[in-house]
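Asker: Pasting the sequence and the predicted coordinates here, then a few questions.
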Amino acid sequence: MRAVVQRVTHASVSVHGEAVGKIGKGLLIFLGVSTEDTEKDIEYMVQKIAHLRVFEDEAGRMNRSLLDTQGAALVVSQFTLYGDCRRGRRPSFTDAAPPDKANAFYETFIEQLGELGLNVQSGVFQAFMDVELLNDGPVTLMLDSQKTF
């Protein structure tokens, strides 16, 4: 499982011009699921992201997590995180999970993040979405449950 996590002042996602998810201060999470992912990958990513210390404390240091700040999360499915561009000019998506598995893992990720007491909003799986955000910092991090980077 892969994620691009951005600390935001606010973010929203729209489908056909209608907002389907919107948050204030928190994290925008683009989430991709691979063919090899298991329930352990979901648990790892939920815990990693919820406890990732990317928000400033009173001293101005990135020392507080989403849980510490009671920030919100906007989760957007992003199969292109598994786009392999090493050969040719067209990405290969053979490592991306098929839609049924990807949707189930995406929904479980959202559910488990919400069970931690966080305000979690989401996009619409497999929809063409417009995402708007104001990156705070900017702070943008890439995570991989297999720790390939």
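Answerer: Received it, and whenever you're ready, just let me know what you need. Numbers count the residues shown, from 1 in each chain.

Asker: quick one: pLDDT of residue 31?
Answerer: pLDDT recorded at residue 31 is 98.

Asker: That one: neighbour count?
Answerer: A count of nearby residues for residue 31, using other Cβ atoms under 10 Å, gives 26. Just so you know, the C-beta spots here come from the backbone N, C-alpha and C atoms, and that holds for glycine as well.

Asker: ditto for the one 4 residues further on
Answerer: Under the neighbour criterion other Cβ under 10 Å, residue 35 is assigned a count of 12.

Asker: Residue 121 too?
Answerer: Residue 121: 21 neighbours (other Cβ under 10 Å).

Asker: all helices for this structure, in order.
Answerer: 39-51, 66-69, 99-115 (DSSP state H).

Asker: Could you pull up the mean pLDDT of the last one?
Answerer: It stands for helix 99-115. Helix 99-115 carries an average pLDDT of 98.

Asker: gap between that helix and the chain center?
Answerer: With Cα atoms, centre = their mean, to the nearest Å as the basis, helix 99-115 stands 11 Å off its chain's centre.

Asker: which helices and strands sit right next to it?
Answerer: strand 26-32, helix 39-51, strand 72-77, strand 119-122 (3 or more Cβ pairs under 8 Å, 6 or more residues apart in numbering; DSSP states H and E).

Asker: Adding distance to residue 93 and mean neighbour count, write the helices of the chain out as a markdown table.
Answerer: Conversion of the helices of the chain to a markdown table gives the following (distance: least, Cβ to Cβ, whole Å; neighbours: other Cβ atoms under 10 Å):
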| stretch | distance to residue 93 | mean neighbour count |
| --- | --- | --- |
| helix 39-51 | 18 | 17 |
| helix 66-69 | 29 | 17 |
| helix 99-115 | 11 | 17 |
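
Asker: could those go into TSV alongside distance to residue 134?
Answerer: Listed next are those as TSV, based on distance: least, Cβ to Cβ, whole Å:
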stretch	distance to residue 134
helix 39-51	19
helix 66-69	16
helix 99-115	21
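
Asker: quick one: which of those is nearest residue 21?
Answerer: Of all these, helix 99-115 sits nearest to residue 21, with 10.2 Å by Cβ to Cβ.

Asker: Sweet, I'm off.
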